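[1] Provided below are the primary sequence and the corresponding predicted coordinates.
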Amino acid sequence: MTGSALRVRRPRLLGVVALSALGLLVGAASCTDAPPLDVPFSLVFAPGDDPLLGASALVLEVERDGEVVARARAGLDATSLPLPALPFAPGYRLRVEAVDGALVLARGTSFPFTVDERGATPPPHVFLGRLGRAVAPLGQAGARPDGAVLGLAPTADGAVLVSTEGTVYVYRQHDGPDGLPSLTVRAHLPGRAWAAWVDLGDGRLLGVGGATAGATVVDANGDVVATEPLSPELDGLRLDVCLARTSEPVTSTATIEVIAVGGRARTSDPPGNAVVRIDIVPTEPGAAGPTLGAIALEALPSGVAGAACVAVHPPGATVPATRVVVAGGVDALGATGDAFVLDPEAVQPIVRVALGAALADRAVVRVSDRVVVIAGGLASDGRVSGDFALLDVDTLGASVVEPRPSSPFLPARARAAGIALGNGVVVLFGGRELGGLPSDSASLIDVGLDAFPGVARPTGALPVADDGVRAVRLADESVLVVGGRGVALYVSPR
C-alpha cells in the first residue's frame with residue numbers, strides 16, 4: 001500500500017478514508033422493481049491509527065437480518081459500493097474487513113441504513129479498527145466525562161452514559177457528515193451523584209439513589225423522562241446499591257423490571273439487606289414519561305453493599321426462569337467471599353454460594369443463560385486478585401465450576417469493566433492494580449462453554465489507564481469503553 005492509493009483527510013478528531021474501485025459482486029439478492037445502486041461510503045478511524053497498514057484488499061459484505069445479500073472484494077482505493085437491485089427496506093448493514101490474503105487485519109460494521117428510491121440512507125460510515133486493539137476515537141486529548149462512569153447503555157447511534165457527578169452524556173459514533181464521533185453533555189443531575197445505574201435494554205438508563213432518594217429514567221437522547229420517589233426500603237439505601245434488569249423489553253409498551261439489592265445511606269453505615277423490585281411502567285403515548293413503582297421482596301440473610309448484580313435465565317421445566325446473581329460486594333466485616341442467588345418471583349428461597357477468597361469490586365459478567373464469570377477483586381488488606389471463577393446457575397441454586405480455571409495471563413486488578421462478546425468470550429478492561437493505581441490492561445476470557453473451565457489471554461490495552469470505566473457493545477459491533485480518563489473503541493478478534 002502506498003500513500004497515493006488513498007485520499008486521506010485527518011480532521012481534528014478522526015481520520016476519514018474514502019474508498020473506490022470495487023471488484024466483482026457475488027451472491028447478491030435481486031429485486032425486479034428496484035434499480036441497481038451505487039452506495040458511497042467511508043471508513044472512519046482514530047487519529048494516529050492506520051487499520052489499513054499491511055492490508056492488500058478489502059472484503060465488503062452487505063447483510064440484512066443476519067443474511068449476506070451482497071459480497072465483494074475491493075482494492076484499497078474504493079469510494080463506492082455498486083449493489084444489485086435490492087428490496088426497499090431498512091436494516092441493511094455494510095461490513096468491511098481489511099485483509100492480506102486470508103488474514104483479517106481489521107474489521108468494522110456500519111450502523112443500519114435504509115435502501116429506498118434515493119439509494120442508501122444515510123450513506124454508511126464504518127469505524128474500522130484493528131482486531132484486538134483499543135483506540136481513542138476522540139483523540140488522546142478529546143472530550144471525556146467529569147468522573148468515573150456508573151451507567152452506560154447502547155443506543156441506535158452510540159450510547160448514553162452517566163458519571164459519578166450525575167452528569168449525563170451522549171456519545172454518537174457518527175455524528176457529523178464526515179462520520180466524526182462526539183461526546184456531549186445533555187444534563188446535570190446533582191441529586192443522582194454517585195447513584196447506581198442500570199441499562200434498561202431499550203436505550204434508556206435507570207438511576208437509583210445517590211445524593212437523594214428515589215429514581216430517575218434517562219432516555220437515549222440524554223433527557224430525563226421520569227423522576228419519582230420509591231419505597232421506604234430504597235429511600236434509606238442511597239449508595240452502593242446493586243441493580244439488575246430481569247425482564248427483556250419486548251415492546252415499548254411492556255413493563256421493565258429491575259431488582260435492587262443492598263446498599264447503604266452513607267459510606268460509614270453498615271450495608272443493608274433490602275431486596276426491592278422496581279417496575280418501569282410505560283404510560284400512554286404523548287405522556288411525560290413512564291411511572292415507577294417498587295415492591296419489597298424477601299431480604300438477604302445478611303447485608304451487602306457495592307456488589308455487582310447480573311440476571312441469568314437458566315432453563316426451567318417449561319420456560320426459562322430468571323435468577324439474579326449478587327457478588328463482589330462488602331458486608332459488615334469487609335470484602336465477602338459469598339454470592340447470593342435470588343429468585344425475583346420469590347418461589348425459590350435465596351441461596352448463598354461460597355466463592356472462596358473474600359474479594360470486593362469483582363467483575364461479574366453473564367456469558368450464557370446460566371454461566372457467570374466472576375473475575376479479579378480487592379481483598380480487605382489491599383491485595384488484588386488475578387483469578388476468575390465460573391458460577392453455574394440453575395433454578396435451584398448455583399455452584400462454582402471445578403476445577404477452577406488457571407489464569408496466568410489475567411492481570412491482578414479490581415473494578416475492571418467486563419462485557420460478554422458472545423460464544424463464551426468475555427473481555428475485561430481497566431480497573432485498579434496493587435496500590436490503587438489505575439490499569440490500562442485488557443484481557444480476553446474464553447470460557448469454552450463446551451469445555452470448561454476456560455482460559456485467559458491478553459488483548460490490546462486501553463489508550464489510557466483507567467479505574468472507573470464501563471463497557472458496552474454498540475450497534476456497529478465495536479465495544480465502547482468510557483471512563484473519567486477517556487473514551488476508547490475496541491474491535492473483538494473473535
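    Nice, thanks for sending it over. Numbering: from 1, shown residues only.
[2] Residue 387 and residue 456: what is the separation?
    10 Å (C-beta to C-beta, to the nearest Å). Every residue, glycine included, has its C-beta placed from N, CA and C.
[3] Check residue 63 too.
    Per C-beta to C-beta, residue 63 is found 31 Å from residue 456.
[4] Those two: which is more packed in?
    Set side by side, residue 63 and residue 456 give different neighbour counts by other C-beta atoms under 10 Å, the larger being at residue 456 (24 against 16).
[5] show me the contacts for the closest residue in space to the more buried one that isn't next to it in sequence.
    Once flanking residues are discounted, residue 456 sits nearest to residue 410: 4.0 Å by C-beta to C-beta, 6 or more residues apart in numbering. Listed by C-beta atoms under 8 Å, 6 or more residues apart in numbering, the contact partners of residue 410 are 375, 376, 386, 387, 388, 428, 443, 445, 456.
[6] For the biggest strand by length in the chain, which helices and strands make contact with it?
    Taking DSSP state E as the criterion, the chain has its longest strand at strand 89-100. Applying 3 or more C-beta pairs under 8 Å, 6 or more residues apart in numbering; DSSP states H and E, we find strand 89-100 packed against strand 57-64, strand 103-109, strand 113-116, strand 125-127.
[7] for these, which one ends up most surrounded?
    strand 125-127 (a mean of 27; mean count of other C-beta atoms under 10 Å).
[8] name the helices or strands packed onto it?
    strand 42-45, strand 89-100, strand 103-109.
[9] Report the mean per-residue pLDDT for that strand.
    Summarised as a single mean, pLDDT over strand 125-127 is 91.
[10] Specify the beta-bridge partners of the residue nearest to residue 128 when sequence neighbours are not counted.
    Counting by C-beta to C-beta, 6+ apart, residue 128 lies nearest to residue 108, which is 4.0 Å off, once chain neighbours are set aside. Here residue 108 sits in beta bridges with residue 96, going by DSSP bridges.
[11] what's the spacing between residue 108 and residue 115?
    According to C-beta to C-beta, residue 108 stands 20 Å off from residue 115.
[12] what sits up against stretch 380-390?
    For stretch 380-390, with C-beta under 8 Å, 6+ apart as the criterion, the contacting residues are 334-335, 355-360, 371-379, 400-401, 404-405, 407, 410-414, 432-435, 445, 447, 452-454, 456.
[13] Centre of the chain to it, how far?
    Here stretch 380-390 is found 23 Å from its chain centre; the criterion is C-alpha atoms, centre = their mean, to the nearest Å.
[14] Which residue ranges of the protein form helices?
    Counting by DSSP state H, one finds helices in the chain at the ranges 232-235.
[15] where does it dip in pLDDT?
    Within the chain, the set of residues satisfying pLDDT under 70 comprises 1-35, 176-177, 285-287, 317, 407-409, 448-454.
[16] Recalculate using a threshold of 50.
    Applying pLDDT under 50 to the chain flags the ranges 1-32.
[17] Centroid-nearest residue for the protein?
    residue 472 (1.5 Å; C-alpha atoms, centre = their mean).
[18] Test my guess that that residue contacts residue 419.
    Yes: counting by C-beta atoms under 8 Å, residue 472 touches residue 419, with 6.7 Å between them.
[19] what is in contact with these two at once?
    Common contacts of residue 472 and residue 419 (C-beta under 8 Å, 6+ apart): residue 479.
[20] List the contacts of residue 246.
    Residue 246 neighbours (C-beta under 8 Å, 6+ apart): 257, 258, 259, 311, 322, 324, 344.
[21] Most neighbours of all those residues, which one?
    Among the contacts of residue 246, residue 258 has the most neighbours (other C-beta under 10 Å), with 27 neighbours.
[22] how close does that residue sit to residue 436?
    For residue 258, the distance to residue 436 - C-beta to C-beta - is 31 Å.
[23] again, but for residue 45
    From residue 45 to residue 436 the distance is 34 Å (C-beta to C-beta).
[24] Next: residue 280.
    36 Å.
[25] Give me the more crowded residue out of these two.
    Taking neighbours as other C-beta under 10 Å, residue 280 and residue 436 compare with residue 280 leading, 24 against 12.
[26] give me the beta-bridge partners of the more buried one?
    residue 256, residue 292.
[27] Touching, it and residue 290? I think so.
    Yes: between residue 280 and residue 290 there is a contact at 5.0 Å, judged by C-beta under 8 Å.
[28] Count the residues that sit near residue 175.
    Residues near residue 175, counting by other C-beta under 10 Å, number 18.
[29] ranges for the strands of the stretch 201-350 of the chain?
    Listed in chain order, the strands of the stretch 201-350 of the chain (DSSP state E, counting those that start in this stretch) span 205-208, 215-218, 224-228, 242-245, 256-261, 275-281, 291-296, 308-312, 323-327, 330-331, 334-335, 338-342.
[30] Of all those, which one is nearest residue 97?
    Smallest distance to residue 97 across the strands of the stretch 201-350 of the chain (C-beta to C-beta): 32.2 Å, for strand 308-312.
[31] Can you give me the end-to-end span of stretch 109-122?
    End-to-end distance for stretch 109-122, by C-alpha to C-alpha, to the nearest Å: 14 Å.
[32] Centre of the chain to it, how far?
    Centroid separation for stretch 109-122 versus its chain: 25 Å, with C-alpha atoms, centre = their mean.
[33] can I get the contacts of residue 246 in CSV with distance to residue 477?
    Formatted as CSV, these follow (distance: C-beta to C-beta, whole Å):
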residue, distance to residue 477
257, 28
258, 26
259, 29
311, 23
322, 27
324, 28
344, 30
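[34] how about stretch 256-268 as PDB, C-alpha atoms only?
    Extracted C-alpha coordinates of stretch 256-268, given in PDB (Å, rounded to 0.1, in the frame of the first residue of the first chain):
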ATOM      1  CA  ILE A 256     -39.500  -3.500  32.600                       C
ATOM      2  CA  GLU A 257     -38.500  -5.000  35.900                       C
ATOM      3  CA  VAL A 258     -35.300  -4.200  37.800                       C
ATOM      4  CA  ILE A 259     -34.100  -5.800  41.100                       C
ATOM      5  CA  ALA A 260     -32.300  -3.500  43.600                       C
ATOM      6  CA  VAL A 261     -30.200  -5.200  46.200                       C
ATOM      7  CA  GLY A 262     -28.500  -3.900  49.300                       C
ATOM      8  CA  GLY A 263     -26.700  -0.500  49.700                       C
ATOM      9  CA  ARG A 264     -26.400   2.000  52.500                       C
ATOM     10  CA  ALA A 265     -27.400   5.600  53.300                       C
ATOM     11  CA  ARG A 266     -23.800   6.800  53.900                       C
ATOM     12  CA  THR A 267     -20.400   5.200  53.300                       C
ATOM     13  CA  SER A 268     -19.900   4.900  57.000                       C
END
